[in-house]
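Engineer: Show me the folded form of this:
(one chain, ligands or ions: 1)
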Amino acid sequence: MVQILPEVSRTLNEYLLVPNLTTEDCVPDNVDLSAPIVRHPVGEISPLRIAVPLVSAIMMAVSSPRLAIALAQTGGLGFIHQNQDVAAQAKQVGAVKRHKAGFRHSDINIKPSATLGEVSRLLRAAERDIAVVTEDGTGTGRFVGLIATTDFHPQRHDLNGTVESRMRPAHQLVTAPTTISLSDANTMLWDHRLDLLPVVTAEGHLASIVLRRDYELHKQFRNESIDDDKRFRVGAGINTRDYRDRIPALVEAGADVLCIDSSDGYSVWQQRTLAYAAQELGGVVPVGAGNVVDGRAFRYLADAGAAFVKVGIGGGSICITRDQKGIGRGQASALIDVVAERDRYAQETGVYVPICCDGGLLADYHMAVALALGADFIMLGRYFARFDESPSNLVNLDGQMFKEYWGEGSQRARNVTRYDQAETELAFEEGVDGYVPYAGSLYPNIARTTAKLRATMVSCGATTLPAFHRDAVLVQVSQQSYQQNGAEVRLRTGERDSGR
Ligand code: RVP
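Structural biologist: Residues are numbered from 1 along each chain as shown. Just a heads-up that it's a prediction; the model follows:
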């Protein structure tokens, strides 16, 4: 007979946290947000931990090497997507592992033939003061010069004039060769009083840039996710079809952790993939599995050896799985069920299997609710897609800046392995293709989000995530509260940070 679960399916949006006593030591600076990523004996430390419990979604529109590097710098972890051939994905993983900290891919570039008006708009949108001029306007084109907001003024210069007419040309600038070390590059920044040092190949092409701003930021990166050789940590998605080829290539490229990328992880295919990684490859790299929404599926994957289990079906901002297939569960209900099983499993077996809450987090405080409900770390797509560091295009729609963002189940991504569809074609879509409001660079956003998480935990009297799991008190909100929260107040200036 059909089974109907007694509980209503609830989302993270339906809960609020009730403060606990805050004591003298319970201050934001004392809050430790570090989290385990992979399974470990109860009472011991996980062999892979991160300082900030945020990881990027295994998606084309989200997890590029650039985003993974920025996220590792700030203490999180990026997962390079598997919706590409094995060699291409391994190359992206290798790019993160080989990245020399401090050298960054140039993202604000313009052609010499562009107008001053265009470069002015570009700089304003990106909140930057300086753009690199390359022959083709890309981050690897022939280096032609630099143009800064101090090089022109709308009242003095015709904005229809070219960038070339006001830029500082390459032959007048200090540049560095690609063989330079970071410490020498930083010395050049100071010796020559530069804000930006272009690193140029022997053929005259831009290789990377070193920013004075990053030198200052670097001192703040006390939380970097790095391995024993001081290389950035990076994760990668795999699937249940070509894992025999993909896993060895990703391990060879240096991936620190893998995750089976699937919308429904409660399958014998995942069990076989995990068994292959454990038996044939001797478990050289931990493999997470998912996604699941109940305790039965958690236990199945934990028994199969999953390093962590990812929770969430149908809640992603770009996801239409619930409409298309009627499959899914509210993220709060799913977490409550899976967390209870994780804790039972730990008691019975002595093994703690971390839980990743994936998708559908619409406000920063939803992360706090998910962690309070027992999640160990959070996977986010829409959140990261909005930043400079995500790989998608920045577009201007009616004067407002957006980044493109599309689901892995959309026609644009056609991730047939994630949705277990036929070889190359999607019979139907499970995701949409759209835009998310542009939110600038990842660094200040992560700082703001983690400041909020710390503040919430302080209010709840917790300075570690295990204490937060143990002590948090949550309450369900009523329909009436939603209506009251929605009461509109017209703001005097600008927009407040909505946390979205
Ligand atoms: P969000 O953070 O709400 O944007 O959700 C991201 C998550 O949504 C991903 O980690 C993945 O689990 C899921 N996803 C990705 N593509 C699709 C889809 O096309 N339906 N869903």
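Engineer: burial of whichever residue of the stretch 51-200 of the chain sits closest to the ligand, as a residue count?
Structural biologist: Relative to the ligand, the nearest point of the stretch 51-200 of the chain is residue 57 (3.3 Å; C-beta to the nearest ligand atom). No exception for glycine: its C-beta is placed from N, CA and C like everyone else's. Using other C-beta atoms under 10 Å, residue 57 has 26 other residues around it.
Engineer: That one: what's it in contact with?
Structural biologist: 63, 79, 316, 358-359, 379-381, 384 (C-beta atoms under 8 Å, 6 or more residues apart in numbering).
Engineer: ok, now with 7 Å
Structural biologist: Going by C-beta atoms under 7 Å, 6 or more residues apart in numbering, residue 57 touches 63, 379-381.
Engineer: By neighbour count, which of those wins?
Structural biologist: residue 63 leads the contacts of residue 57 on contacts (other C-beta under 10 Å) with 32 neighbours.
Engineer: where's the residue in the stretch 201-350 of the chain positioned nearest to the ligand relative to residue 287, distance?
Structural biologist: Using C-beta to the nearest ligand atom, residue 316 is the residue of the stretch 201-350 of the chain that sits closest to the ligand, at 2.4 Å. Residue 316 is 22 Å from residue 287, where distance means C-beta to C-beta, to the nearest Å.
Engineer: Ok, residue 120 next?
Structural biologist: Distance, residue 120 to residue 287, using C-beta to C-beta: 48 Å.
Engineer: Look at residue 316 and residue 287 and report which has more neighbours.
Structural biologist: A direct count of neighbours by other C-beta under 10 Å for residue 316 and residue 287 places residue 316 higher, at 29 against 25.
Engineer: any idea what sits nearest the more buried one, other than its immediate chain neighbours?
Structural biologist: Distances taken as C-beta to C-beta, 6 or more residues apart in numbering put residue 359 closest to residue 316, at 3.7 Å, once the chain neighbours are dropped.
Engineer: So the one you found is in contact with residue 315, correct?
Structural biologist: Yes. The pair residue 359 and residue 315 qualifies as a contact (C-beta atoms under 7 Å) at a distance of 4.6 Å.
Engineer: Would you map the strands across the stretch 401-500 of the chain?
Structural biologist: Under the criterion DSSP state E, counting those that start in this stretch, the stretch 401-500 of the chain contains strands at 433-437, 473-476.
Engineer: mean confidence score for the last one?
Structural biologist: The average pLDDT within strand 473-476 is 97.
Engineer: strand partners of that strand, parallel vs antiparallel please.
Structural biologist: strand 15-18 (antiparallel) (DSSP bridges).
Engineer: pretty sure the residue of the stretch 201-350 of the chain closest to the ligand contacts residue 381?
Structural biologist: Yes. With contact defined as C-beta under 7 Å, residue 316 reaches residue 381; the gap is 6.2 Å.
Engineer: Name the residues contacting each of these two.
Structural biologist: Joint contacts of residue 316 and residue 381 (C-beta under 7 Å, 6+ apart) are residue 359.
Engineer: nearest spatial neighbour of residue 383, skipping sequence neighbours?
Structural biologist: residue 361 (6.9 Å).
Engineer: Kindly report the same for residue 176.
Structural biologist: residue 199 (5.0 Å).
Engineer: got it, and residue 213?
Structural biologist: residue 195 is the one closest to residue 213 (C-beta to C-beta, 6+ apart), at 7.4 Å.
Engineer: what residues are up against the one you found?
Structural biologist: Applying C-beta under 7 Å, 6+ apart, the residues near residue 195 are 130, 211-212.
Engineer: quick one: low-confidence ranges for the chain?
Structural biologist: For the chain, the stretches flagged by pLDDT under 70 are 217-220, 423-424, 486-487, 493-500.
Engineer: Report the beta-bridge partner residues of the residue positioned nearest the centre of the chain.
Structural biologist: Closest to where the C-alpha atoms of the chain average out (C-alpha atoms, centre = their mean) is residue 56, at 2.7 Å. Beta bridges link residue 56 to residue 380 when assigned by DSSP bridges.
Engineer: From what I see, it and residue 78 are in contact.
Structural biologist: Yes. The criterion here is C-beta under 7 Å, and residue 56 meets it with residue 78 at 4.5 Å.
Engineer: Overlap in contacts, these two.
Structural biologist: In contact with both residue 56 and residue 78: 63, 67-68, 71, using C-beta under 7 Å, 6+ apart.
Engineer: Report how many residues lie close to the residue nearest to residue 316.
Structural biologist: 23.
Engineer: And residue 16, by the same measure?
Structural biologist: Count around residue 16 with other C-beta under 10 Å applied: 14.
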